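Trainee: Task: produce atomic coordinates for the following.
(one chain, ligands or ions: 1)
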Amino acid sequence: MSFEFEGNSFSPKVCGRPEFGFYAEGEAMWSLIAGNPLAVSGGVDVLRADPALQLTPILVAQGGSGGTVEPEFYRATVDKIVAGVREHGPFDGIYLALHGAMVSPGVTDAEGELLEQIRAVVGSAPVIAVSLDLHANVTPKMVSAANILVGYQNYPHDDAYTTGQRACDLLVRALHGSLTPVMRMVRLNMLVPVPGGSTLGNAPLAEVKALARSLETGAVVSTSYFTCQPWLDDDAAANVVLAITDGDAALATHTARRIATVMWDLREAFVVPLVTAQRAIEQALQAVVKPAVLADTGDSVGAGSSGDSVDVLAALLRYAGDRKCAVSMVDPGAVQQALASGAGSTLQLQLGHALDPRQGTPLQLQAEVVSIHDGKFHYRAGPSAGVQGNMGATVVLGIGSIRVLVASNGTYEYADEQFHAAGIDPAGFDIVVLKNGMNFRNLLQDGSAWFLVDSAGSSSANLAALPWKNRSTPFWPREAALAMRLTEA
Ligand SMILES: [Zn+2]
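Mentor: Reported below is the predicted structural model:
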């Protein structure tokens, strides 16, 4: 089963059943997850391959990312999962695919509470295995309630399916008695700014990954490093390392400490320079390989932001208004105005900052309605590969040579699926703006110029600038001069 959502404490976006579009209960989940490279699909494929096992489907729910999950929906889903486990048991093992950074008002540890409730129903004997996103906020409650927690290795995430497989390979071994999983966690007093947390090339997290993989030998059966979703206004949220061994608690702790120490030592290398929109555009215009890519890091929909900022668009109009630029954004009211005006028409409208007015000032514009779309698309790759995304009614506005994709709903960006669904091929543009802090890299070719724009929003990469309320404990990089502190559980 699965219950996946990435929260953001600073985002006003509240998600409930409509946002959990990928949802099924009982037998209906088999057809929903079949053929998708999701973690839950990978896990189920491993379990299905074992003729000794009999599977019982409970529920799958995937809500992407946003601010918070409606407490009613969170409670109802947890209740359904727990009731399903109670009614269909007893079980020898349980597998769940979770993101690990869910936020729901009034709930202090969303995944920890879910796992604790499942454990209370099944007792101590069944093996509970969980696959997690690399940005999971792993807590002691999760570690004590589950036997096996395994995180994605890669960012950008292209290994959800294999992570589900890895978690369930260990689960199968434990069910057959050939593994006694003992898991230990080490928490670090740091958070990694997301744009610096890639595992591509020689990035610092690639070094951590290589170390983690090299330590998976002998009695060490799994190591995971979690850079944690950093926009969690929660004192417990931190970088965490997990190690699972075959029956050796001291070795698990030693292994996790070793990886955590390397993460800490690399911390300065995780900071990638941010630039102003003006500076990024000036340099992008000099780029030889087209398009140059600007990452609107503060307004990353995949990190929970509203996606409605027009700050980078305003800079394009000022500094690159005569060049071919493509931007995407969310503004349901502007879409309705454009639909009423009709394709080919020209209209005056206010654009941007309708969903999160705290983050900037709308633009007053004259634009042409270039085209109208239903907003549906399929992810070609990544953790949602094969899954249909839905931007809702979508229009492309033309402002001179600039094309603005305006969607009714914000959707997770993996590459350029949304642009193509709206008839925009980024290859034909000088500058393309994406609203994410990492996945824009999936668009880059050899020699592409790319820039991380220091933009305002709920997913600002400048962690020290965010309006923290609940984090009293110092953490790097918000507090720069800190000594390493490892907490074990
Ligand atoms: Zn992630």
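Trainee: Only C-alpha atoms from now on, for both contacts and neighbour counts.
Mentor: Noted.
Trainee: The stretch 201-350 of the chain: helices as residue ranges?
Mentor: For the stretch 201-350 of the chain, the helices defined by DSSP state H, counting those that start in this stretch cover 204-214, 249-265, 277-284, 311-319, 332-341.
Trainee: Now stretch 116-135: buried residues?
Mentor: 116-119, 122, 126-135 (16 or more other Cα atoms under 10 Å).
Trainee: before we move on, back to that, including distance to Met102, could the helices of the stretch 201-350 of the chain go into a markdown table?
Mentor: Putting the helices of the stretch 201-350 of the chain into a markdown table (distance: least, Cα to Cα, whole Å) gives the following:
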| stretch | distance to Met102 |
| --- | --- |
| helix 204-214 | 23 |
| helix 249-265 | 23 |
| helix 277-284 | 31 |
| helix 311-319 | 28 |
| helix 332-341 | 25 |
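Trainee: Now render those as a markdown table, adding mean neighbour count.
Mentor: A markdown table is the format used below for those (neighbours: other Cα atoms under 10 Å):
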| stretch | mean neighbour count |
| --- | --- |
| helix 204-214 | 18 |
| helix 249-265 | 20 |
| helix 277-284 | 19 |
| helix 311-319 | 19 |
| helix 332-341 | 19 |
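Trainee: Need the CA coordinates for stretch 410-428. CSV is fine.
Mentor: Coordinates of each C-alpha in stretch 410-428 appear next as CSV, following Å, rounded to 0.1, in the frame of the first residue of the first chain:
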residue,chain,number,x,y,z
GLY,A,410,0.1,23.4,-10.2
THR,A,411,1.7,20.1,-11.2
TYR,A,412,5.0,18.5,-10.3
GLU,A,413,7.6,19.2,-13.0
TYR,A,414,9.9,16.3,-14.0
ALA,A,415,11.1,17.6,-17.4
ASP,A,416,9.2,19.4,-20.1
GLU,A,417,6.0,17.3,-20.2
GLN,A,418,3.7,20.3,-19.4
PHE,A,419,5.3,22.5,-22.1
HIS,A,420,4.8,19.8,-24.8
ALA,A,421,1.2,19.3,-23.7
ALA,A,422,0.6,22.9,-24.4
GLY,A,423,2.3,22.8,-27.8
ILE,A,424,5.6,24.4,-26.6
ASP,A,425,8.8,22.7,-27.6
PRO,A,426,11.5,24.2,-25.4
ALA,A,427,14.1,23.4,-28.1
GLY,A,428,12.8,26.3,-30.1
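Trainee: Can you name the residues that contact the closest residue in space to Ala287 that isn't next to it in sequence?
Mentor: Leaving aside its chain neighbours, Ala287 sits nearest to Ala449 (6.2 Å; criterion: Cα to Cα, 6 or more residues apart in numbering). The contact partners of Ala449, taken as Cα atoms under 8 Å, 6 or more residues apart in numbering, are Ala284, Ala287, Val289, Pro291, Ala292, Val293.
Trainee: returning to what we had before: for the helices of the stretch 201-350 of the chain, could you give me a markdown table that also reports distance to Gln350 and mean pLDDT?
Mentor: Shown next, in a markdown table, are the helices of the stretch 201-350 of the chain (distance: least, Cα to Cα, whole Å; pLDDT from 0 to 100):
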| stretch | distance to Gln350 | mean pLDDT |
| --- | --- | --- |
| helix 204-214 | 42 | 98 |
| helix 249-265 | 45 | 98 |
| helix 277-284 | 21 | 98 |
| helix 311-319 | 12 | 97 |
| helix 332-341 | 7 | 98 |
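Trainee: Relative to Val186, which of the ones you listed is closest?
Mentor: Distance to Val186, taken as Cα to Cα, is lowest for helix 249-265 among these, at 6.0 Å.
Trainee: Now do the closest one: everything it contacts.
Mentor: Against helix 249-265 from outside (Cα under 8 Å, 6+ apart): 182-188, 190, 205, 208, 211-212, 215, 220, 223, 225, 240-245, 484, 486, 488.
Trainee: Equivalent analysis for stretch 116-124, please.
Mentor: Val82, Val85, Arg86, Gly89, Pro90, Phe91, Lys141, Met142, Ala145, Ala146.
Trainee: Same check on stretch 386-402?
Mentor: 36-37, 317, 321-327, 335, 338-339, 366-380, 403-411, 422.
Trainee: how close does Leu365 sit to Gly196?
Mentor: Distance of Leu365 to Gly196, given as Cα to Cα, to the nearest Å: 35 Å.
Trainee: Of those two, which one has the most company?
Mentor: Gly196 (20 against 12; other Cα atoms under 10 Å).
Trainee: Identify the residues contacting the more buried one.
Mentor: Contacts of Gly196 (Cα under 8 Å, 6+ apart): Ala203, Ala269, Phe270, Val271, Val272.
Trainee: tally of neighbours for Gln445?
Mentor: 12.
Trainee: Check the contacts of Ala449 against Ser306 and report the nearest one.
Mentor: For the contacts of Ala449, the nearest to Ser306 is Val293 (20.2 Å; Cα to Cα).
Trainee: List the contacts of the closest one.
Mentor: Counting by Cα under 8 Å, 6+ apart, Val293 makes contact with Ala284, Ile431, Val432, Val433, Leu434, Phe440, Leu444, Ser448, Ala449, Trp450, Phe451.
Trainee: if we can go back for a sec, among the contacts of stretch 116-124, name the ones in helices.
Mentor: Cross-referencing those against helices under DSSP state H gives Val82, Val85, Arg86, Lys141, Met142, Ala145.
Trainee: Go through these and say which is closest to Gly64.
Mentor: Closest approach to Gly64 among those (Cα to Cα): Met142, at 20.6 Å.
Trainee: Just the pLDDT for the closest residue to that closest one other than its chain neighbours.
Mentor: Nearest in space to Met142, with sequence neighbours left out and distances taken as Cα to Cα, 6+ apart, is Gly112 at 4.4 Å. Gly112 carries a pLDDT value of 98.
Trainee: which SS state does Gly112 fall under?
Mentor: State at Gly112, reduced to three classes by DSSP: H, G, I helix; E, B strand; the rest coil: helix.
Trainee: Appreciated, that's everything.
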